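**Student:** This is the structure alone, sequence omitted:
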């Protein structure tokens, strides 16, 4: 089983990553990692439900979340992680990464 990490860097208004995620991997085989404006996917109720439906795990870059004035308690889906934890996840749990 190939684990796929989808690195999402754009806001949901700019790009909807869900269709690509569904097309390239099964939900149970996917992790969404949200960086930069991609963190908004985990803050909006409708968007967060779509991301949760496309990936079994959702990880939000803690620094990017705080840079936009939000806290982990504001997340509707997923958990915040620092960059070291994200790199470890990519290196240890995934076999391919796709940047959207």
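**Tutor:** Received the coordinates, thanks. What you see is a predicted model; the values in this text were computed from it and never measured. Residues are numbered from 1 along each chain as shown.
**Student:** got a list of what residue 14 touches?
**Tutor:** By Cβ atoms under 8 Å, 6 or more residues apart in numbering, residue 14 lies in contact with residue 37. (C-beta placed from N, C-alpha, C; glycine too.)
**Student:** so where do the helices sit in the chain?
**Tutor:** Applying DSSP state H to the chain gives helices spanning 18-24, 45-54, 62-67, 83-93.
**Student:** Can you give me the buried ones in the third one?
**Tutor:** Across helix 62-67, burial judged by 16 or more other Cβ atoms under 10 Å covers 62, 64-65.
**Student:** what does stretch 66-77 give?
**Tutor:** Neighbour-count burial for stretch 66-77 [16+ other Cβ under 10 Å]: 70, 75-77.
**Student:** And the contacts of that stretch?
**Tutor:** Stretch 66-77 has contacts (Cβ under 8 Å, 6+ apart) with 37, 39-40, 42-45, 48-49, 51-52, 58, 60, 62, 65, 79-80.
**Student:** same thing but at 7 Å, please
**Tutor:** With Cβ atoms under 7 Å, 6 or more residues apart in numbering as the test, stretch 66-77 has contacts from 39, 42-43, 45, 48, 51-52, 58, 60, 65, 80.
**Student:** Emit the ChimeraX select command for whichever of these are buried.
**Tutor:** Here is the ChimeraX selection string for the buried members of the contacts of stretch 66-77, based on 16+ other Cβ under 10 Å:
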select :39,42,43,48,51,52,58,60,65,80
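**Student:** just the contacts of stretch 66-77 now: which is nearest residue 96?
**Tutor:** Nearest to residue 96 among the contacts of stretch 66-77 is residue 58, at 17.7 Å by Cβ to Cβ.
**Student:** Quick check: closest non-adjacent residue to that closest one.
**Tutor:** residue 78 (3.0 Å; Cβ to Cβ, 6 or more residues apart in numbering).
**Student:** isn't the one you found right up against residue 39?
**Tutor:** No: under the criterion of Cβ atoms under 7 Å, residue 78 lies out of contact with residue 39, with a separation of 9.4 Å.
**Student:** which residues do these two both contact?
**Tutor:** Common neighbours of residue 78 and residue 39 (criterion: Cβ under 7 Å, 6+ apart): residue 60.
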